[in-house]
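> Need coordinates for the following:
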Amino acid sequence: MLVVNFWATWCPPCVEETPELIEFYRRYHAKGVAFVSVSADHPDTVRERLAPFMEKHKIPYPVYVFTETSPKQLAHELALDWTGGLPATLVFDRQGALQKQWYEEVTASELAAVVEPLL
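Numbers count the residues shown, from 1 in each chain. The predicted model follows:
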């Protein structure tokens, strides 16, 4: 099972949901739920913006940065109903099928409600 969250340090709702994502990760990582974070921060700002943000919030999950494509282009390539707006969170089951998506802030309990039946 995989949860993917798209966000950026310059996105206020993304910053606000960060503690919820950390809580979710800590509860479900050991249960076999993979969690990947993809930042839309510009690659040139990783050192001065993204890395300090990750340290400040003690982010325990992997964070990747868009380098080849934009969130909007990725959404198009994945044939999602996503405009590329942030934050966005997707839940995929063990077979890789998209089970749920949020194109707004998400809470740990909302994620848990979708993930629990899939475990």
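> C-alpha only now, for contacts and for neighbours.
Noted.
> Now the residue lying closest to Pro13 once chain neighbours are set aside: which helix or strand?
Taking CA to CA, 6 or more residues apart in numbering, and ignoring the residues beside it in sequence, Pro13 has Glu105 as its nearest neighbour in space, at 6.1 Å. Glu105 is part of no helix or strand when elements are defined by DSSP states H and E.
> show me what contacts Glu105?
The neighbourhood of Glu105, defined by CA atoms under 8 Å, 6 or more residues apart in numbering, consists of 13-14, 16-17, 87-88.
> ok, now how distant is the nearest residue to Val65 once chain neighbours are set aside from Val15?
Taking CA to CA, 6+ apart as the measure, Val65 lies nearest to Ser39, with 4.7 Å between them; neighbours along the chain are not counted. Shown here: Ser39 relative to Val15, a distance of 11 Å by CA to CA, to the nearest Å.
> same deal with Gly32?
Where Val15 is concerned, Gly32 sits at a distance of 25 Å (CA to CA).
> Compare those two (neighbour count), which wins?
The residue with more neighbours, out of Gly32 and Val15, is Val15; 17 against 10, by other CA atoms under 10 Å.
> in a helix, that's where the more buried one is, yeah?
Yes. Judged by DSSP: H, G, I helix; E, B strand; the rest coil, Val15 forms part of a helix.
> thinking again about what came up before, partner residues bridging the residue nearest to Val65?
Listed by DSSP bridges, the beta-bridge partners for Ser39 are Trp7, Val65.
> What is the burial count for it?
Residues near Ser39, counting by other CA under 10 Å, number 23.
> Pull up the per-residue confidence for it.
In this model, Ser39 is scored at 94, pLDDT.
> just checking, it touches Thr67?
No. Look at Ser39 against Thr67 with CA atoms under 8 Å: they stay out of range, at 9.7 Å.
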